[in-house]
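S.K.: Sharing a sequence plus its predicted fold:
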Amino acid sequence: MSIWQYANPARFMRTTEGVLPWLVGGAVICCVTGLVWGFLTPDDFRQGSTVKIVFLHVPAAMMAINIWVMMLVASLIWIIRRHHVSALAAKAAAPIGAVMTVIALATGAIWGQPMWGSWWEWDPRLTSFLILFLFYVGYIALWSAVEDPDSAADLTGVLCLVGSVFALLSRYAVLFCNQGLHQGASLSVQSGERMSHVYRYPLYLAMLGFFLMFLALVLIRTRTEIRRRRLAALQAREMRA
Amino acid sequence: MIDLGRYAIPVLSAYAVSLVLIGGLVWHTVAANARARRALEEHGRDG
């Protein structure tokens, strides 16, 4: 058994068909439980009820960065081994990452207004996140702009490599720049406990829910891309006949 | 009913914006998949 057998589109379609219902069920259960549990947590003594925004903001921001990393790995597999499914998976993940970035930016702005007195600051983490969003938009636009799918996969793969700098920067901007309004990591293994377990457990559940939701959505979208490519191949064959 | 105090509008709007965006993403994903499946079935080649 090798992971490369899933590079076969037919095998990928067969395998994911069985996995998807479990992923969708897990994502719904974890997201609903995590968010409802988070919404019912008590107010923070400093931030009041705005602390409830953390259950959306942190999972969305985590996914925004990690989806780009997933796209980077898939793009590298395409560039090195030329497996079409990996290129299509990267393409399928981009709109999900863009939406996660918008959620992180929007909830951050809504949270920042009452806490910082400002919707937006040119803070290192906020700015690098905005640039990450622009990279997502550029990546999606580039896929649409290039007609030949293999050339599009090559070009977007290179763009993904460049954008990875900003994905990493948005994660570590606070440490690199040591300035700005945005706080450090809410959850950190090295720094010990920073967040009360009252908030930590529902946050873990919401993060797991967002991760499972991403897996379910990216599999469905990759299946869609495989079907579209198959349809395009059939139509091209009909045109030639 | 949960009392969100003076931050009710920011909290509720953050949840509303996020749920609308996630709902839109899910709807778009499912609709595009159904369209692609239908188009391929018309060619008799899904699976």
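M.R.: Arrived safely.
S.K.: Does anything pack onto the lowest-mean-pLDDT helix or strand in chain A? Which helices or strands?
M.R.: Sorting the helices and strands of chain A by mean pLDDT, DSSP states H and E puts helix A:149-177 at the bottom, at a mean of 81. In terms of contacts (3 or more C-beta pairs under 8 Å, 6 or more residues apart in numbering or on different chains; DSSP states H and E), helix A:149-177 is packed against helix A:54-81, helix A:84-116, helix A:124-145. In this view, the C-beta of every residue, glycine as well, is placed from N, C-alpha and C.
S.K.: so the longest one versus helix A:54-81, what angle?
M.R.: Orientation check (axes from the mean of the first three to the mean of the last three C-alpha atoms, to 10 degrees): helix A:84-116 against helix A:54-81 gives 150 degrees.
S.K.: quick check, the helix or strand encompassing A:V218 touching chain B?
M.R.: According to DSSP states H and E, A:V218 maps onto helix A:197-240. Yes: shown here: helix A:197-240 in contact with chain B (C-beta under 8 Å from any C-beta of the partner chain) through A:M213, A:L217, A:I220, A:R221, A:R223, A:T224, A:R227, A:R228, A:R230, A:L231, A:L234.
S.K.: now that helix: mean pLDDT?
M.R.: For helix A:197-240, mean pLDDT is 92.
S.K.: Please apply the same query to stretch B:25-33.
M.R.: Computed over stretch B:25-33, the average pLDDT equals 97.
S.K.: Please apply the same query to stretch A:48-66.
M.R.: For stretch A:48-66, the mean pLDDT works out to 93.
S.K.: need the residues of chain B near chain A, please.
M.R.: Counting by C-beta under 8 Å from any C-beta, chain B comes close to chain A at B:2, B:4-8, B:10-11, B:13-15, B:17-18, B:21-22, B:24-26, B:28-30, B:32-33, B:36-37, B:39-40, B:43, B:45-47.
S.K.: Show me which of those residues are buried.
M.R.: B:4, B:7, B:10-11, B:14-15, B:17-18, B:21-22, B:25-26, B:29, B:32-33, B:36-37, B:39-40 (16 or more other C-beta atoms under 10 Å in any protein chain shown).
S.K.: Off-centre distance for stretch A:100-118?
M.R.: 18 Å (C-alpha atoms, centre = their mean, to the nearest Å).
S.K.: For it, which outside residues touch it?
M.R.: A:47, A:50, A:53, A:56-57, A:60-61, A:63-64, A:67, A:119-121, A:126, A:129-130, A:132-133, A:136, A:181, A:210, A:214, B:7, B:10, B:13-14, B:17-18, B:21-22 (C-beta atoms under 8 Å, 6 or more residues apart in numbering or on different chains).
S.K.: repeat that for 7 Å
M.R.: With contact meaning C-beta atoms under 7 Å, 6 or more residues apart in numbering or on different chains, stretch A:100-118 is reached by A:47, A:50, A:53, A:56-57, A:60-61, A:63-64, A:67, A:119-120, A:126, A:129-130, A:132-133, A:136, A:181, B:7, B:10, B:13-14, B:17-18, B:21.
S.K.: which stretches of chain B form helices?
M.R.: Remark: helices assigned in chain B by DSSP state H are B:8-42.
S.K.: low-scoring stretches of it, by residue?
M.R.: Scanning chain B for pLDDT under 70 picks out the ranges B:1, B:45-47.
S.K.: at 80 instead, please
M.R.: Counting by pLDDT under 80, the ranges of chain B that qualify are B:1-2, B:44-47.
S.K.: Point to the residue nearest the middle of it.
M.R.: What sits nearest the mean C-alpha location of chain B, by C-alpha atoms, centre = their mean, is B:G23, with 1.9 Å.
S.K.: Enumerate every residue touching that residue.
M.R.: Taking C-beta under 7 Å, 6+ apart as the definition, B:G23 has no contacts.
S.K.: Quick one: residues contacting A:A61.
M.R.: Going by C-beta under 7 Å, 6+ apart, A:A61 touches A:A104.
S.K.: let's go with 8 Å and repeat that
M.R.: For A:A61, the contacting residues are A:M100, A:A104, A:G108, A:F129, by C-beta under 8 Å, 6+ apart.
S.K.: Please report how far it lies from chain B.
M.R.: Per C-beta to the nearest C-beta, to the nearest Å, A:A61 is found 12 Å from chain B.
S.K.: Can you give me the distance of that residue to B:G23?
M.R.: From A:A61 over to B:G23 the distance is 19 Å, taken as C-beta to C-beta, to the nearest Å.
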